[in-house]
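**Q** here is a sequence together with a model predicted from it:
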Amino acid sequence: MQVRRRPPHPVAVDISAIREVNVISFVGGRLVSLILTTLVASVIVFLLMQVLPGDPAVLMLGMNADADAIAALHRQLGLDQPIWIRYLQWIGGFVVGDFGTSLTYSVPIRELLGPRILVTLPLALLSMAISVVVAIAIGVYAAANRGKTGDTVVMGIAQVGVAVPNFWLALLFILLFALKLAWFPASGFSGWQDGIWNGLHSLILPAFALGLPLAAILGRVTRSAVIETLGEDFIRTARAKGLTRAGALWKHAVPNALIPVVTIIGLQFSFLLAGTIIIENVFNLPGIGRLVFQAIAQRDLVTVQTLVTLLAASVITINFLVDLVYGYLDPRLSRGGH
Amino acid sequence: MSDTAITSEPGLFSKLLGSRSLTLGAVVTIILVAMALVSYVWTPYSPTAMNFRDKLQGPSLAHWFGTDNFGRDILSMIMVGARNSISVSIVAVLVGAGIGVPLGAWAAARGGWVDGLVMRMSDLAFAFPALLTAVIITAIFGPGATNAMIAIGIFNIPVFARVTRGASMGLWKREYVQAARCAGRGDVAITLLHILPNINHILLVQVTIQFALAIVAEAGLSYVGLGTQPPMPSWGKMLNDAQTFIYQAPWLAIFPGLAITFAVLGLNLLGDGLRDILDPRVRRQR
């Protein structure tokens, strides 16, 4: 991987005026490509849903429904309209937050989303936090103790951790922490109405099951990034001007090693969303992932296309934010090209 | 990046033995493949034979890894499951590399709008969480091992396209490629004769990584019931079944997961080892 670094010292000349214009065009350009990518993604998802076998009207009315009733329901659902009109109607509503009505639940999809986002988002954020904290801790520790026993042991564990599938780790956690020790529930979600801790309690095992394998990957990246920056001239300069080893590590090496780490965090977000689909199934959590899964099984096409487009849009948005963070971490990037 | 064996350009053979990751990874991978091959001719018990008298037994001398709720022998099922995992992953990687490598090579050779198009398409593919794509694909075409292979293969395409493009981009500016062009060779010939041979070590490492990911993806799909269908044993499905009996028979949840971890660890070590040996850039950095 190409490792990009920010210059150790700010450039002396005042370029803030030039930078402002460039930052605006940089952000603007990325924003346009973000919107275009999301639109193309929505078209693809919409088209995929059209080839999904199974007529929603038949599924709703049952196999023995008569043809007139099915035709009437088609009209009611708008399925008799040409495909491009249906797409425009759907995406038009999507943009203003009106996602349409779920075919199986017969309620607006927006109402389905609310409580489920409150499960999936905290789960994803908690996993991400676990992943980042654990990864930076083990990565920096291993880099600082490069070649010593501590490094070998920690990186050996990380090597195994990368190979552990999250849904198996989830099962092991259920065995140990839910069944044996009874510290956490084995499945289900009690909701947020009884206080933050009660809700969080059922998310802790799933979050660790999702976050720890990611931490192993991120920890390895952190280690090599920190080792690389430790070999730079500006670290020697920092040490020469009297900074302690730890000071040079935390003040100069770690911040400069963050760019590759942020890249991987961005990439991991997509993994994380996919992971929630499986983990929510393992722990029976009523989140977005489980909803996608149920909606696919029930041929609830509007719900599937809305959820998948939302998931794709959030991945695209995260990548956009990662690009912005790059621009901040490495000002050279936003000044045109790299 | 587990060991830091610094090699000062010895011969290839001693380098092969010198890399601990490579040796360990190769041993694990060979065991895995051997297990899968042996399962064609011999397993301790028939992996599909039900024997309700022996159901849900713990590990014993007769059944090393115990038995499941139908009295089937877990070790036999894991052996046949290895065959399943490997064949699904081989096809998935072949699909991904078979389409992705030419696309990436084409993008690097032509540049311009071709490059832009291929890269935007792969950006788009990366916007969909891989497993979600696989779930949708298997929902459209129906669950099963074949569709799992295609679904996993499809999300391997952009990975191989990117890696191939990234690795070959710079080569097009090299003198020997310019010379070949002056000698009248076309893009296809240059790609086959000069570009691919120079990036095959990078592709080989990527193959091991994607192979490992395919094993996890297949297990994940089978776990949620969209991959390999019974009675063919698969590691993911075994874990799903194990969850139903997790109170009575916790060992059922241990062995299939160990098998997945073992396989993925072996392939990752193999990939790391190959990278250490084949990529001079990485070696110098250490």
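**A** Structure received.
**Q** how about the helices of the stretch 201-338 of chain A, start to end?
**A** Taking DSSP state H, counting those that start in this stretch, the helices of the stretch 201-338 of chain A run over residues A:233-240, A:245-248, A:254-282, A:288-297, A:301-329, A:331-334.
**Q** quick one: name the residues of the stretch 101-250 of chain B near chain A.
**A** Residues of the stretch 101-250 of chain B found near chain A (CB under 8 Å from any CB of the partner chain) are B:120, B:123-124, B:126-132, B:135-136, B:139-140, B:212, B:216, B:219-220, B:223-224, B:239, B:242-243, B:246-247, B:250. Placement of C-beta: from N, CA and C, glycine included.
**Q** any of the residues you listed buried? List them.
**A** Burial of these was assessed by neighbour count (16 or more other CB atoms under 10 Å in any protein chain shown); the buried members are B:123-124, B:126-132, B:135-136, B:139-140, B:212, B:216, B:219-220, B:223-224, B:239, B:242-243, B:246, B:250.
**Q** return the subset of these lying in helices.
**A** With DSSP state H as the criterion, helices contain B:123-124, B:126-127, B:130-132, B:135-136, B:139-140, B:212, B:216, B:219-220, B:223, B:239, B:242-243 from among these.
**Q** and residue 217, what is it in contact with?
**A** Just so you know, I chose chain A. By CB atoms under 8 Å, 6 or more residues apart in numbering or on different chains, the residues touching A:Ile217 are A:135, A:162, A:264, A:268.
**Q** chain B was what I was after
**A** Residues in contact with B:Ala217, defined by CB under 8 Å, 6+ apart, are B:92, B:130-131, B:134, B:148, B:152, B:155.
**Q** by pLDDT, rank those and give me the bottom one.
**A** Across the contacts of B:Ala217, no position has a lower pLDDT than B:Ala130, which has 77.
**Q** isn't it up against A:Leu267?
**A** No: applying CB atoms under 8 Å, one finds B:Ala130 not in contact with A:Leu267, separated by 11.0 Å.
**Q** overlap in contacts, the two.
**A** When contacts are counted by CB under 8 Å, 6+ apart, the set common to B:Ala130 and A:Leu267 is empty.
**Q** for A:Pro286, give me its contacts.
**A** For A:Pro286, the contact set (CB under 8 Å, 6+ apart) comprises A:115-116, A:119, A:189, A:280.
**Q** out of these, who's nearest chain B?
**A** Nearest to chain B out of the contacts of A:Pro286 is A:Glu280 (CB to the nearest CB; 10.4 Å).
**Q** once you drop chain neighbours, what's closest to B:Arg165?
**A** The spatially closest residue to B:Arg165, leaving aside those adjacent along the chain, is B:Gly104, at 3.9 Å (CB to CB, 6 or more residues apart in numbering or on different chains).
**Q** also A:Asn198?
**A** A:Ser190 is the one closest to A:Asn198 (CB to CB, 6+ apart), at 5.3 Å.
**Q** chain B contacts on the stretch 101-250 of chain A?
**A** By the criterion of CB under 8 Å from any CB, the positions of the stretch 101-250 of chain A lying close to chain B are A:146-147, A:152, A:155-156, A:159-160, A:162-165, A:167-168, A:171-172, A:174-175, A:179, A:186, A:220, A:223-224, A:228.
**Q** how far does stretch B:139-151 stretch from start to finish?
**A** Across its full length, stretch B:139-151 reaches 10 Å end to end, with CA to CA, to the nearest Å as the criterion.
**Q** I would like the residues contacting that stretch, please.
**A** For stretch B:139-151, the external contacting residues (CB under 8 Å, 6+ apart) are A:48, A:51-53, A:296-297, B:84, B:87-88, B:91-92, B:95, B:133-134, B:137-138, B:217-218, B:221-222, B:225-229, B:232, B:234.
**Q** could you do stretch B:34-47 as well?
**A** Contacts made with stretch B:34-47 from outside it, assessed by CB under 8 Å, 6+ apart, are listed as B:63-64, B:72-73, B:75-80, B:82-83, B:85-86, B:233.
**Q** got it, and stretch A:166-185?
**A** A:186-187, A:201-202, A:204-206, A:208-210, A:212-213, A:275, A:278-279, A:282-283, B:219-220, B:223, B:239, B:242-243, B:246-247, B:250, B:253-254, B:256-257, B:260-261.
**Q** buried subset of those residues as a PyMOL selection?
**A** Command for PyMOL that selects the buried part of the contacts of stretch A:166-185, burial taken from 16+ other CB under 10 Å:
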select buried, (chain A and resi 186+201+202+204+205+206+208+209+210+212+213+275+278+279+282+283) or (chain B and resi 219+220+223+239+242+243+246+250+253+254+256+257+260+261)
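**Q** where along the stretch 1-150 of chain A do the strands fall?
**A** For the stretch 1-150 of chain A, no strands are identified by DSSP state E, counting those that start in this stretch.
**Q** returning to that earlier point: will you turn the helices of the stretch 201-338 of chain A into CSV that also has distance to B:Val38 and mean pLDDT?
**A** Formatted as CSV, the entries for the helices of the stretch 201-338 of chain A read as follows, by distance: least, CB to CB, whole Å; pLDDT from 0 to 100:
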stretch, distance to B:Val38, mean pLDDT
helix A:233-240, 53, 81
helix A:245-248, 53, 79
helix A:254-282, 30, 82
helix A:288-297, 36, 86
helix A:301-329, 42, 83
helix A:331-334, 53, 56
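**Q** where in the chain is pLDDT low?
**A** Assuming you mean chain A. Across chain A, residues meeting the criterion (pLDDT under 70) sit at A:1-21, A:53-54, A:63, A:327, A:330-338.
**Q** hmm, I had chain B in mind actually
**A** Across chain B, residues meeting the criterion (pLDDT under 70) sit at B:1-18, B:279-286.
**Q** so the closest residue to B:Ile137 other than its chain neighbours versus B:Ile157, what's the distance?
**A** In this structure, B:Ile137 finds its nearest non-sequential neighbour in B:Ala151, 3.9 Å apart by CB to CB, 6+ apart. The gap separating B:Ala151 from B:Ile157 is 11 Å, by CB to CB, to the nearest Å.
**Q** so for those two, which sits in the more crowded spot?
**A** Between B:Ala151 and B:Ile157, counting by other CB atoms under 10 Å in any protein chain shown, B:Ala151 is the more crowded of the two (27 against 21).
**Q** would you list the phi and psi of the more buried one?
**A** In terms of degrees, to the nearest 10, the main-chain angles of B:Ala151 are phi -60, psi -40.
**Q** now A:Trp183
**A** The phi and psi values for A:Trp183, taken as degrees, to the nearest 10, are phi -80, psi -30.
**Q** for burial, what's the neighbour tally of it?
**A** So A:Trp183, with other CB under 10 Å, has 12 neighbours.
**Q** for A:Gln76, same thing?
**A** Neighbours of A:Gln76 (other CB under 10 Å): 10.
**Q** so how far is A:Met60 from it?
**A** 10 Å.
**Q** tell me which residues in whichever strand or helix holds B:Gln206 are buried?
**A** Element membership of B:Gln206 [criterion: DSSP states H and E] is helix B:196-223. Neighbour-count burial for helix B:196-223 flags B:196, B:198-199, B:201-203, B:205-223 (criterion: 16+ other CB under 10 Å).
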